[in-house]
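Visitor: how would this look folded up:
(2 chains)
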2 protein chains.
Amino acid sequence: MKKDKVLIIGAGLCGSLLAIKMAQKGYQVEVHEKLPDMRKHDLDAGRSINLALSDRGLRALRSADLEHEVLSQCIDMNGRMIHNVDGSTRMSNYSGRQGEKINSVSRPGLNKLLLDKAEHFPNVDIHFNSKCKAVDLVKPAAYFIDKGGDETEVGATVILGTDGAGSAVRRSMMARTPELLFNFSQSFLRSGYKELEIPPTASGEFKIEKNALHIWPRGKFMMIALPNLDGSFTVTMFHPFKGEGGFESLDTEEKLLDFFRTHYPDSLEHFPNLAEEYFKNPVGILGTIKCYPWQAFGKTLLLGDAAHAIVPFYGQGMNASLEDVRLLDEMLEKNRGDWSVTFNEFQEFRPENTNAIADLAVDNFYEMQDKVDDGDFIKKRNLEMLLEQTYEDYYSKYSLVTFQEDLPYSEAMRRGRAQDELLMKICSDPSLEDLPLERIYQQLKQI
Amino acid sequence: MKKDKVLIIGAGLCGSLLAIKMAQKGYQVEVHEKLPDMRKHDLDAGRSINLALSDRGLRALRSADLEHEVLSQCIDMNGRMIHNVDGSTRMSNYSGRQGEKINSVSRPGLNKLLLDKAEHFPNVDIHFNSKCKAVDLVKPAAYFIDKGGDETEVGATVILGTDGAGSAVRRSMMARTPELLFNFSQSFLRSGYKELEIPPTASGEFKIEKNALHIWPRGKFMMIALPNLDGSFTVTMFHPFKGEGGFESLDTEEKLLDFFRTHYPDSLEHFPNLAEEYFKNPVGILGTIKCYPWQAFGKTLLLGDAAHAIVPFYGQGMNASLEDVRLLDEMLEKNRGDWSVTFNEFQEFRPENTNAIADLAVDNFYEMQDKVDDGDFIKKRNLEMLLEQTYEDYYSKYSLVTFQEDLPYSEAMRRGRAQDELLMKICSDPSLEDLPLERIYQQLKQI
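Guide: Residues are numbered from 1 along each chain as shown, chains lettered A, B, ... in the order given. This next block holds a predicted model:
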């Protein structure tokens, strides 16, 4: 076993996979998580219960030999099922190619699996209920407080901060702003989210199409639903806080039901306890966090949401965090375990890419709630399908981001946006209606 | 006297002028400043001793009947005096029109004058050495700690946070992030600054041209100098922290003098104590802070650097803060003293403009150190001068920002950038060399 000690702060999806990868490399790994062990306590009332796992995340899991086991717990989603106000639906596939789909996975389910795997290593030691108060970035050491209020100092060779959007590790970097020239931004959508549930039928069947991500797009607000293994769907309302359809204005059962009858009529029959759930579950906020640097003194590094929290509309938050782990692992391998060189390389390569997916995710918020039922947009999406069916090396923006696991996000954004611009021009110009597909393809190849 | 009590936190330039304006309106004004009274203590060792006061700041001072008194303590700066490496100099005026100039003013001098004026009002009560710890935004009330460590709670009708880039008021807003959806960003240049002094001659004369802002532009770094009333100049080195010309690398007297001999040779004779000052004075950081919202619950408002700290390269930091005071005062007048309506109007109008000057100031950092001695840039600047001399209603980007006191910054940025693009195109295209001035002017008027 190597003698380097790796202290990981935060045992969410990113931290748990990181513990596994670092253990596989033979380091001494110590993990501290502020919450109780989720395998023994139910911690997820009303908050992001399932997520879309796609190729980047799967690739990271594959590198830890976990891909197949995780996939066996997933439900395929082949496309977006658009629900119109009149109750009609339309399936919009994610790709024109067979087999390119995304996977609905239970967040706590995946997290528990990763924790089980991590704990299995003799060189991994996990502490729950251990809340990081601060990090001494120079030593390096971290200070934790347990449930009883007792404090401990934990030293390590390096500290990896995977403690999420509200990261204490990042806060310790921010506190050294002048010295680290710590750039930081947090920005919030003026919409929030609330989760609801569509339970299975009495016989345990899915009430709506199983293999899809359902969307009820309504311009200034929307609702989505992802399938769970037990036949239920986790539904998320994305609505503004104020104004039309705002959570603030839907403040009585009557107003709520009236609103659903008007805007989401086909969903109503699927909710046995709509009002009860609505008024019980909290409204979550949707924010983007960017920062730089990610490392300090060659000894501490931020990864995952701690470094780059994004909004969920590209289904890439978890995938980006898992990709962080794969990339760090590969760079560490290439640099023969030199932490300082690796941390620098990671922070020079990665933020450009996580900034790109952050921006794409905000773009997709507007696309999902407002564009997916627009005429030109549908034409463009159909054209993309046809192109993907016809040309093996053509990938739409969505596919570049979601299915091209080796392409950096920043390059996916650059090419994807340029493709979108060209295709939207073609689809909105009647004089270009008869442009041969091959000509379009050749133009796209110039990008 | 009105019964509303206005609590102002921070008695810098913005807070002091705000106290005067609120006192003139008849409010009860209480001011708390964390530092000792600068009229009794010397607080400014080595930090931004003089600033460029221009039309927006003057207009705000005029509204408090202070313009002439302040101007009598200023030194005119008619343009940039560019110092080349070979010792030659070239004056580049700020405007093609007579009388359009900026003014070098002592920051502590102006602050002291404003404090004297504010204190003169019977309805103004100023507390020094009173550091804000936090603000209860709902009550509203602020918590202060004095030199002896005693804490006080101060309630008020409204709280105005003018406590600068490190604002405690803003921190209290940020602490309510989910509720306020508090957007925030801080970003730093990879260059810092260090102040030096060119003293007057033995007979009290200016050693270099008095009525100019001097620049030694050197690509990746620069030095500037502004005149003081006593015949001295405050010189500021803007250099990267690391790399060529970096403060870190200039770490011995020999290296420092060698560097000055190579890059700033004509300045050397003017510094009697270069090395001593260089190694004594601190390196400051240069950052931009943006945030939104600026107000909370209709009871607390951020103004000045607390809301929008910017880098100093457009000479607009102080001017923007003083303009805040004028605008707030005018809006309050228009809204007949309705604080909540005024705060909302202020935060809806103003951030777009302070974001614009923030971005322009970063642009100017690169322009000043790298562009001012570039051939096409000089051609363009000469063309701008000629245009301003010929056409009364033409204003260059610099003039729009600096001399058009009624034009919102965002509009100055939009027009100024479009003008720059057109003029740079003309100046870099040999085939356009003989384009008649009138044609250029007509094209500019289309913007």
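Visitor: and residue A:93, how many neighbours does it have?
Guide: For residue A:93, the neighbour count with other Cβ atoms under 10 Å in any protein chain shown is 18. Glycine gets a C-beta too; all of them are placed from N, C-alpha and C.
Visitor: Quick check: phi and psi on it?
Guide: Here is the backbone geometry of residue A:93 (degrees, to the nearest 10): phi -60, psi 150.
Visitor: and the closest residue to it other than its chain neighbours, how far is that from residue A:380?
Guide: Sequence neighbours aside, residue A:79 is the residue nearest to residue A:93 in space, at 3.8 Å (criterion: Cβ to Cβ, 6 or more residues apart in numbering or on different chains). As judged by Cβ to Cβ, to the nearest Å, residue A:79 and residue A:380 stand 15 Å apart.
Visitor: which other helices and strands contact the longest helix along chain A?
Guide: Secondary structure assigned by DSSP state H gives helix A:339-366 as the longest helix of chain A. Other elements packing on helix A:339-366 under the criterion 3 or more Cβ pairs under 8 Å, 6 or more residues apart in numbering or on different chains; DSSP states H and E are strand A:183-198, strand A:284-292, strand A:295-296, strand A:300-302, helix A:305-308, helix A:317-334, helix A:409-428.
Visitor: Can I get the ones you listed in JSON lines including mean neighbour count and distance to chain B?
Guide: Shown next, in JSON lines, are the helices and strands packed on helix A:339-366 (neighbours: other Cβ atoms under 10 Å in any protein chain shown; distance: least, Cβ to the nearest Cβ, whole Å):
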{"stretch": "strand A:183-198", "mean neighbour count": "20", "distance to chain B": "4"}
{"stretch": "strand A:284-292", "mean neighbour count": "20", "distance to chain B": "5"}
{"stretch": "strand A:295-296", "mean neighbour count": "26", "distance to chain B": "15"}
{"stretch": "strand A:300-302", "mean neighbour count": "27", "distance to chain B": "16"}
{"stretch": "helix A:305-308", "mean neighbour count": "28", "distance to chain B": "14"}
{"stretch": "helix A:317-334", "mean neighbour count": "22", "distance to chain B": "18"}
{"stretch": "helix A:409-428", "mean neighbour count": "18", "distance to chain B": "19"}
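Visitor: Would you reformat those as CSV and include mean pLDDT?
Guide: Shown next, in CSV, are these (pLDDT from 0 to 100):
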stretch, mean pLDDT
strand A:183-198, 96
strand A:284-292, 97
strand A:295-296, 98
strand A:300-302, 98
helix A:305-308, 98
helix A:317-334, 98
helix A:409-428, 96
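Visitor: Out of the ones you listed, which is closest to residue A:56?
Guide: Of all those, helix A:317-334 sits nearest to residue A:56, with 4.2 Å by Cβ to Cβ.
Visitor: now the angle between helix A:339-366 and that closest one, please.
Guide: 160 degrees (axes from the mean of the first three to the mean of the last three Cα atoms, to 10 degrees).
Visitor: Does helix A:317-334 pack against any helices or strands, and if so which?
Guide: Judged by 3+ Cβ pairs under 8 Å, 6+ apart, the packing partners of helix A:317-334 are helix A:13-24, strand A:50-53, helix A:55-63, helix A:305-308, helix A:339-366.
Visitor: same question for stretch A:215-227, mean pLDDT?
Guide: Mean pLDDT, stretch A:215-227: 95.
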